[in-house]
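Chemist: sequence first, then the predicted structure:
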Amino acid sequence: MLRWKFNVFPAYRGTGARVRYIADDMREIRVELPLSWRTRNYVGTIFGGSMYAAVDPMYMIMLIHCLGADYVVWDKAASIRFLKPGRTTLTATFRIDDGELDAIRAELATERSIDRLYTVELADAEGTVYAVVEKTVYVKKQVRGQRS
């Protein structure tokens, strides 16, 4: 159901990307970004904005679901390195494991808030990487009755 919601949500749909897989526990998501009339730029390759927008919300949303309502999660910063012009369908796979979730919880036991850095690659079917996106995600323990 969540995969369907992503793919029909106007802001995400406009990227030209499609969510192809979401694990039941939200610890893995796979996204596909084809070269099409919707994603093609002036020189005939995938528009850099489409590459970034295709991967933008994933880590934040995964952490919101995996950590639960006791945590506040926000995207804080991002950078993208374009390595090659995208001339074919690109995919990105996002993963968060138990160790990462345990590390977040442990760090927030002693810190008010933390920033976590995540990296995801957009690659073709052969594994050639076309862009690398780094996302900084802010996380803090929710204080009941207080806004973040």
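Modeler: Received, thanks.

Chemist: what pLDDT is listed against the residue nearest the centre of the chain?
Modeler: Taking C-alpha atoms, centre = their mean, the centroid of the chain lies closest to Met58, which sits 2.7 Å from it. Reading off the confidence values, Met58 has pLDDT 95.

Chemist: not counting its neighbours along the chain, what's nearest it?
Modeler: In space, not counting the residues next to it along the chain, Met58 is nearest to Phe94; the distance is 4.6 Å by C-beta to C-beta, 6 or more residues apart in numbering. C-beta coordinates here come from the backbone N, C-alpha and C atoms, glycine included.

Chemist: for Ala109, see how far away the one you found is.
Modeler: For Phe94, the distance to Ala109 equals 25 Å [C-beta to C-beta, to the nearest Å].

Chemist: again with Ala54
Modeler: According to C-beta to C-beta, Ala54 and Ala109 sit 34 Å apart.

Chemist: repeat that for Ala53.
Modeler: To Ala109, Ala53 is 35 Å away according to C-beta to C-beta.

Chemist: please say which of the two ends up with more neighbours.
Modeler: Neighbours of Ala53 and Ala109, each counted by other C-beta atoms under 10 Å, are more numerous for Ala53; the result is 18 against 8.

Chemist: now for the residue nearest to the centre of the chain: which residues touch it?
Modeler: Under the criterion of C-beta atoms under 8 Å, 6 or more residues apart in numbering, the contact list for Met58 reads Ile29, Val31, Ala92, Phe94, Val120.

Chemist: ok, so of the residues you listed, who is nearest Val133?
Modeler: Distances from the contacts of Met58 to Val133 were compared by C-beta to C-beta; the smallest belongs to Val120, at 5.2 Å.

Chemist: which strand or helix spans the closest one?
Modeler: Counting by DSSP states H and E, the element that carries Val120 is strand 113-123.

Chemist: ok, now how distant is the nearest residue to Asp75 once chain neighbours are set aside from Asp98?
Modeler: If you skip the residues right next to it in sequence, Asp75 has Met60 as its closest partner in space, 4.8 Å away by C-beta to C-beta, 6+ apart. In this structure, Met60 and Asp98 are separated by 19 Å, where distance is defined by C-beta to C-beta.

Chemist: lovely, talk soon.
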